[in-house]
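Engineer: Quick one, fold the following:
(one chain, ligands or ions: 1)
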Amino acid sequence: MQDHPVAQAARAAPLFDRIALIGLGLIGSSIAHACRRAGLARHVAGYARSPETRETAAKLGFLDSVHDLASDAVEGADLVILCVPVGAMGPVTKEIADALKPGAILSDVGSTKGSVIAHTAPHVPQGVQFIPAHPLAGTEHSGPEAGFAELYDNRWCILTPLPGNDPAAVARLRKFWEGMGANVDEMDPDHHDLVLAVTSHTPHLIAYTMVGVADDLQRVTNSEVIKYSAAGFRDFTRIAASDPTMWRDVFLNNKEATLEILGRFTEELFALQRAIRTGDGNMLHDYFTRTRAIRRGIIEAGQDTDLPDFGRMPVRRD
Ligand code: NAP
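Structural biologist: Numbering: from 1, shown residues only. All right, here's what the predicted structure looks like:
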């Protein structure tokens, strides 16, 4: 197996001596795998609230130490990353605050930033650098078994530094994410929340709605919805299979931006509805031509494959 280039550089002097991951689901366990692949820390400690998750993490072996208490995990850590649902960030920070090492960097991976900052920052002790972050990478799977080292490769990680953050600490966190394969950008937290409402939060809500509608219809159509799902519905179901706790918290914590985008979505939907009703083929054609160009842009930016049907292989049933 080829050695990862960042690992070669990092091995001589890892970026961090000890990092601690609080929450060991898809995102936390993937950080552990990716961090290990690149040799970014001498020791990776982890904590999860349930004994089952801690046992699974210990069995899978992606951590150097697994702790029963969050405060034990963060003891002596130079970098602590909160990998719990956004609604839990504040309470968890309160729990670990007294155990954080002076000079440590505290970061998170939450999908919303404004509310995480509002609920977390008040608990962060003096001398600890709180630098919020959000990796734009995920799958519909959750839990410690879902993680893998390549999750962040060529994906974006957005840092939303706060006034008063030490530029050297921000640069170190940037290097950490780059070491895990990500491209890093910086943004104002409110702008982050609006951008994500467009690119992630509202699309998830629409997928949940579409699958909910089909679930009602399924009772009428006797499972034809499932049988013929490859016609497009299947792609909604992948998104709508995402973790319910995480997504409940996302909507409760990015209320304003999601409602703003949802309002615009509804207006567009009415316009399309009207075009269908009035037989305005030109409007529909122009609209779909514009949307096709966006798909091309995503492929050109290397954020998806241009293989037909996302590169899925036909499944043989014999
Ligand atoms: P996950 O696989 O469900 O893991 C969540 C982890 O948080 C688990 O270890 C869980 O502990 C712990 N947890 C849940 N509720 C908690 C609470 N109230 N107090 C303390 N710990 C709690 O979720 P994930 O996908 O890794 O998501 C984690 C974070 O990453 C979220 O903030 C999410 O917004 C963000 N994020 C997710 C994605 C994505 O696509 N999944 C992408 C980018 C960012 P137990 O296992 O012990 O229950």
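Engineer: Please make it C-alpha for all contacts and neighbour counts, starting now.
Structural biologist: Fine.
Engineer: Which positions in the stretch 1-150 of the chain make contact with the ligand?
Structural biologist: Counting by Cα under 6 Å from any ligand atom, the positions of the stretch 1-150 of the chain adjacent to the ligand are 23-28, 48-50, 53, 83-86, 88, 109-111, 134-139, 142-143.
Engineer: how far away is the residue in the stretch 151-300 of the chain that the ligand sits nearest to from Ser142?
Structural biologist: Nearest residue of the stretch 151-300 of the chain to the ligand: Met246, at 5.5 Å (Cα to the nearest ligand atom). Separation of Met246 from Ser142 (Cα to Cα, to the nearest Å) stands at 10 Å.
Engineer: Now, of the residues of the stretch 1-150 of the chain next to the ligand, which are buried?
Structural biologist: 23-28, 48, 53, 83-86, 88, 109-111, 134-136, 138, 142-143 (16 or more other Cα atoms under 10 Å).
Engineer: Return the subset of those lying in strands.
Structural biologist: Judged by DSSP state E, those include His134, Pro135 as members of strands.
Engineer: thinking again about what came up before, what's the helix or strand for the residue of the stretch 151-300 of the chain closest to the ligand?
Structural biologist: Element membership for Met246, per DSSP states H and E: helix 244-253.
Engineer: How about Pro102?
Structural biologist: Per DSSP H and E, there is no helix or strand for Pro102.
Engineer: quick one on the thing from earlier: now the residue of the stretch 151-300 of the chain closest to the ligand: closest residue in space that isn't a chain neighbour?
Structural biologist: Pro85 (5.2 Å; Cα to Cα, 6 or more residues apart in numbering).
Engineer: From Pro244, how far off is the one you found?
Structural biologist: Separation of Pro85 from Pro244 (Cα to Cα) stands at 10 Å.
Engineer: just Ala57 next, same as before
Structural biologist: For Ala57 relative to Pro244 (Cα to Cα), the value is 22 Å.
Engineer: Compare the two and say which is more crowded by neighbours.
Structural biologist: Ala57 (23 against 10; other Cα atoms under 10 Å).
Engineer: Spatially, and excluding backbone neighbours, which residue is closest to that one.
Structural biologist: Nearest to Ala57 is Pro144, by Cα to Cα, 6+ apart, at 6.2 Å.
Engineer: I'd like to know how many residues surround Glu95.
Structural biologist: Glu95: 14 neighbours (other Cα under 10 Å).
Engineer: hang on, it in a strand?
Structural biologist: No. Glu95: not assigned to a strand; according to DSSP: H, G, I helix; E, B strand; the rest coil it is helix.
Engineer: Number of residues surrounding Gly212?
Structural biologist: Neighbours of Gly212 (other Cα under 10 Å): 14.
Engineer: what do you get for Ile261?
Structural biologist: For Ile261, the neighbour count with other Cα under 10 Å is 18.
Engineer: And it, how close does it get to Leu21?
Structural biologist: 33 Å.
Engineer: Let me see the domain layout of this structure.
Structural biologist: 5-187, 191-278 (automatic domain parsing).
Engineer: could I get the ones you listed as a markdown table with mean pLDDT?
Structural biologist: Converted to a markdown table, the domains of the chain look like this (pLDDT from 0 to 100):
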| stretch | mean pLDDT |
| --- | --- |
| domain 5-187 | 95 |
| domain 191-278 | 91 |
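Engineer: Most tightly packed of those domains?
Structural biologist: domain 5-187 (a mean of 20; mean count of other Cα atoms under 10 Å).
Engineer: next one: it to chain centre, how far?
Structural biologist: 12 Å (Cα atoms, centre = their mean, to the nearest Å).
Engineer: Can you classify Cys157 by secondary structure?
Structural biologist: Three-state call for Cys157 (three-state DSSP): strand.
Engineer: What residues are bridge-paired with it?
Structural biologist: Bridge pairing for Cys157 (DSSP bridges) gives the partners Pro135, Val184.
Engineer: List the residues that contact it.
Structural biologist: Ala133, His134, Pro135, Leu136, Trp177, Ala182, Asn183, Val184, Asp185 (Cα atoms under 8 Å, 6 or more residues apart in numbering).
Engineer: ok, 6 Å please
Structural biologist: His134, Pro135, Leu136, Val184 (Cα atoms under 6 Å, 6 or more residues apart in numbering).
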